[in-house]
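Visitor: need a structure here:
(3 chains)
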Amino acid sequence: MTQDILLNIALGVPWTIALTAVSLAIGMLLGIPLCAMRMSKLGLLRAIANILILTLRAIPPIVWLFLIFFGLDTGYVSFTPFQAASIGLGLITAANMAEIYRGAMAAIHPGQWEATHALGMSTWYRFYDVIAPQLFRVALPSAASYAIGLLKDSAIASTIGVNEIAYQASHVSQRTFRGLDIYAVAGLLYILLSLPIAWASRWADLHLRSRVAR
Amino acid sequence: MNDLLDFWAEHLPAMLDGLLVSVQVTGASLAIGVPLGLVLALMVQSKSKPPRAIALAVVEIGRGAPALILLQFTYFGLPNAGLSLDSFASAVIALSWCTGAYTSEIIRAGLEAVPHGQKEAAEAIGLSHADALRYVILPQALRVSVPALLGFAILMLQASSLCFAIALPELVSQAYLIGSTTFRYMPILFLAGLLYAAICIPATIAVGALERKLGAHA
Amino acid sequence: MSLESSSTTVSSLAPKEPLLRLEAVGKTFGTHVVLEDIDLSLAPGEVVAIIGPSGSGKSTLLRCINQLEPPTSGRVTIRNTAIEAGHTPTRRELMALRRSIGMVFQSFNLFPHLTVLRNVSLAQERVMGRSREAADKVSMQLLSRVGLADKAQQYPSRCSGGQQQRIAIARALALEPEIMLFDEPTSALDPELGLEVLAVMRELAEGGMTMIVVTHEMHFAEDVSDRVIIMADGKIVEQGPSREVMRSPRTERAQRFLHAVKDR
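Guide: As a prediction, this is how the structure comes out:
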């Protein structure tokens, strides 16, 4: 495989990483209010959150990306491919993160809530000092696992023109007709990029396991 | 509003044709992929090295590479190796690979969930290894795995949307075609989303209910 | 008897104003009645042990006192503040209530992601508004008192169950409560580890702390507490001075329970 071709494909790597990181950040942040809504005492908020989460997860990512990029493309608002992809993948991530957070909340020992109540701590401090730190530790493995999935889903952004790995591979393949090598390399790149996430998650899990009351 | 409904009515037949293709490719991939997953799950636990190594490679690549890349590899790449397939066949091969890889992990987790005592009891009453697997271990393992497998099937239907990239005339391709000829992307993509949601949302709810019901007997 | 000595005797016999009073307190979950018609009063410095079979509502009663479970009927009065069932206390009332009542749980409930010192200091800072230095100073004193000053920088997971429970006691004491509630503090511990916790509790009692202890430890109930309450099926079946109740219970239900527990 010529260096030329390899370099061309590798040019997509920064975009892949950037898209994954931005979508993950958007999703992890938006997932918090969404989870709060999902667990609200008000039935209406819960229902809205439920519908949002179900809908975001039931429709394939490519449809969401097309909707945002092609569908929303009016004279007034128009997104770049990267923006559309980040928004689309970010929203889907938010839905998934809301569910991960919800699962993590359930895994925290109810005694932790009771202790903060008995000590008279306010809701803000209860979350900030006691619940949220443990939530983060419990959610980490699932979140890391999802992050790896998101890394792979970022390939879908190639269909709306983001210059990430799959896009580069596709264009080089069209020029040189060496699909076998090129797509094999692309696949390998994704696998290699996912390794640091898996390792970091395993390391964090080992070190933080004892810091949670289950 | 009327205009929108007319638009939808006009293009619904084409969209349903696309949906049919999506369902067909998903069905075929599951039909091949799930048994493949079972085989891979057993091979990964094999005592001899070659089957284990091969199975591990197949699983790691099937799970580690994006589905889109697997599809493009099969459709654009295999011709280089002398194997030229049409888009449907390529899609089925790629998605079966993906399915096999993921379901092997699901089934493996199911196998591990079966209490060790079951294997011992089966051996104690004189069942051969193969019979123990077939009559005692697998039924229990699969029962545990069913909700996860069904959940994965739903994900596969969504993954079929990626076949857009290899020119398969499935639902998203139809939507994109109509959109690009009428320039009314929003309504047609909205309809596509609606069609996916109409299948996937009830399916997700049903699988959730099944999971809760099965959990009661565990 | 001179006038002065008689008045001293009279005044020392006058009942002290009860610190805690429960009147007709009840708790129902849907159709399930967990507590029924509980009348109870607690004088300052009194140590009360609550014993009884599982499911008798002992823990729920404790939780009704600090509103972890709001009662569905009756009234709970702490000093002069009364909280009626059905009336949701304001946040201020609730905070004041929880500051004056400390609670120790069966499952310790220490914060696993914080060091032992931080566990004891956190509420002081957040609830009492103490500075970090002041809080840590108090925490170290309390940890010394329960014999665990050397564990200050450790994490709870590195401490034994008995040590964790003693830290939990220190954490509750840090807020300078008037009443300490103990919900089966030794039930989750090996008998040996339980002894160290009971020793701390005995010391607290002898120091004049007002305590209510739900427990299965019959020796503690008889030797350390002033009064014993026996509960069954959500009601108080017998109460009185500890030695009296433990050695010669009057009601049949109490007799049955004590027989099952003691003569094994």
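Visitor: closest to the centroid, which residue in chain B?
Guide: Taking C-alpha atoms, centre = their mean, the centroid of chain B lies closest to B:Met156, which sits 3.8 Å from it.
Visitor: how close does C:Arg132 sit to chain B?
Guide: Separation of C:Arg132 from chain B (C-beta to the nearest C-beta, to the nearest Å): 46 Å. From N, CA and C alone the C-beta is placed, and that goes for glycine too.
Visitor: so what's the residue count around that residue?
Guide: 11 (other C-beta atoms under 10 Å in any protein chain shown).
Visitor: for it, which non-adjacent residue is closest in space?
Guide: C:Glu125 (6.3 Å; C-beta to C-beta, 6 or more residues apart in numbering or on different chains).
Visitor: does the one you found touch C:Ala135 like I think?
Guide: Yes. Under the criterion of C-beta atoms under 8 Å, C:Glu125 makes contact with C:Ala135 at 5.2 Å.
Visitor: more neighbours: which of these two?
Guide: Taking other C-beta under 10 Å, C:Glu125 and C:Ala135 do not tie; C:Ala135 has more neighbours (22 against 17).
Visitor: confirm that one sits in a helix?
Guide: Yes. C:Ala135 sits within a helix when classified using DSSP: H, G, I helix; E, B strand; the rest coil.
Visitor: correct me, but it touches C:Val127?
Guide: No. Assessed by C-beta under 8 Å, C:Ala135 is found out of contact with C:Val127, at 10.3 Å.
Visitor: list the buried residues for the strand or helix carrying A:Asp153?
Guide: Following DSSP states H and E, one finds A:Asp153 within helix A:132-153. Neighbour-count burial for helix A:132-153 flags A:133-144, A:146-148, A:150-153 (criterion: 16 or more other C-beta atoms under 10 Å in any protein chain shown).
Visitor: ok, and which of those reach chain C?
Guide: Among those, the ones lying close to chain C by the criterion of C-beta under 8 Å from any C-beta of the partner chain are A:Pro133, A:Gln134, A:Arg137.
Visitor: ok, of those, which one's closest to chain B?
Guide: Checking those against chain B with C-beta to the nearest C-beta, the nearest one is A:Arg137 at 22.6 Å.
Visitor: for chain C, what are the nearby residues on chain A?
Guide: Counting by C-beta under 8 Å from any C-beta, chain A sits next to chain C at A:109, A:111-112, A:114-115, A:117-122, A:125, A:129-130, A:133-134, A:137, A:210-213.
Visitor: so how far is stretch C:119-134 off the chain centroid?
Guide: Its chain's C-alpha centre and that of stretch C:119-134 lie 22 Å apart, by C-alpha atoms, centre = their mean, to the nearest Å.
Visitor: can you tell me the distance between the two ends of it?
Guide: 14 Å (C-alpha to C-alpha, to the nearest Å).
Visitor: the stretch 101-250 of chain C: strands as residue ranges?
Guide: C:101-104, C:179-183, C:210-214, C:227-232, C:235-241 (DSSP state E, counting those that start in this stretch).
Visitor: A helix includes C:Leu68, no?
Guide: No. C:Leu68 is assigned coil when assessed by three-state DSSP, not a helix.
Visitor: residues from chain B in reach of chain A?
Guide: B:60-61, B:64-70, B:72-73, B:76-81, B:158-159, B:161-162, B:164-165, B:172, B:175-176, B:179, B:185-186, B:189-190, B:192-193, B:196-197, B:200-201, B:204-205.
Visitor: ok, now with 7 Å
Guide: Applying C-beta under 7 Å from any C-beta of the partner chain, one finds that chain B approaches chain A through B:61, B:64-66, B:68-69, B:72-73, B:76-81, B:158, B:161-162, B:164-165, B:172, B:176, B:179, B:185-186, B:189, B:192-193, B:196-197, B:200-201, B:204.
Visitor: for chain A, which of the strands of the stretch 101-250 of chain C is the nearest?
Guide: strand C:101-104 (4.0 Å).
Visitor: strand partners (parallel or antiparallel) of the closest one?
Guide: strand C:179-183 (parallel) (DSSP bridges).
Visitor: I'd like the distance from the strand it pairs with to the chain centre, please.
Guide: 2 Å.
Visitor: mean confidence score for that strand?
Guide: Strand C:179-183 shows a mean pLDDT of 95.
Visitor: dump that strand to PDB, restricted to CA.
Guide: Output of strand C:179-183 as PDB, limited to C-alpha atoms (Å, rounded to 0.1, in the frame of the first residue of the first chain):
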ATOM      1  CA  ILE C 179     -31.000  12.900  70.300                       C
ATOM      2  CA  MET C 180     -29.200  10.000  68.700                       C
ATOM      3  CA  LEU C 181     -31.200   7.300  66.900                       C
ATOM      4  CA  PHE C 182     -29.600   3.900  66.300                       C
ATOM      5  CA  ASP C 183     -31.300   1.500  63.700                       C
END
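Visitor: I'd say the residue nearest to C:Arg132 and C:Ala134 touch.
Guide: No. With contact defined as C-beta atoms under 7 Å, C:Glu125 does not reach C:Ala134; the gap is 8.8 Å.
Visitor: select the longest helix from chain B.
Guide: helix B:2-44 (DSSP state H).
Visitor: please pick the buried ones from the residues of chain A next to chain C.
Guide: Buried, going by 16+ other C-beta under 10 Å: A:111-112, A:114-115, A:117-121, A:125, A:129-130, A:133-134, A:137, A:211-213, out of the residues of chain A next to chain C.
Visitor: just the ones of these in helices?
Guide: Using DSSP H, these in helices are A:Gly111, A:Gln112, A:Glu114, A:Ala115, A:His117, A:Ala118, A:Tyr125, A:Pro133, A:Gln134, A:Arg137.
Visitor: next, format the residues you listed as JSON lines and append pLDDT.
Guide: Putting these into JSON lines (pLDDT from 0 to 100) gives the following:
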{"residue": "A:Gly111", "pLDDT": "92"}
{"residue": "A:Gln112", "pLDDT": "94"}
{"residue": "A:Glu114", "pLDDT": "93"}
{"residue": "A:Ala115", "pLDDT": "94"}
{"residue": "A:His117", "pLDDT": "92"}
{"residue": "A:Ala118", "pLDDT": "93"}
{"residue": "A:Tyr125", "pLDDT": "90"}
{"residue": "A:Pro133", "pLDDT": "90"}
{"residue": "A:Gln134", "pLDDT": "90"}
{"residue": "A:Arg137", "pLDDT": "87"}
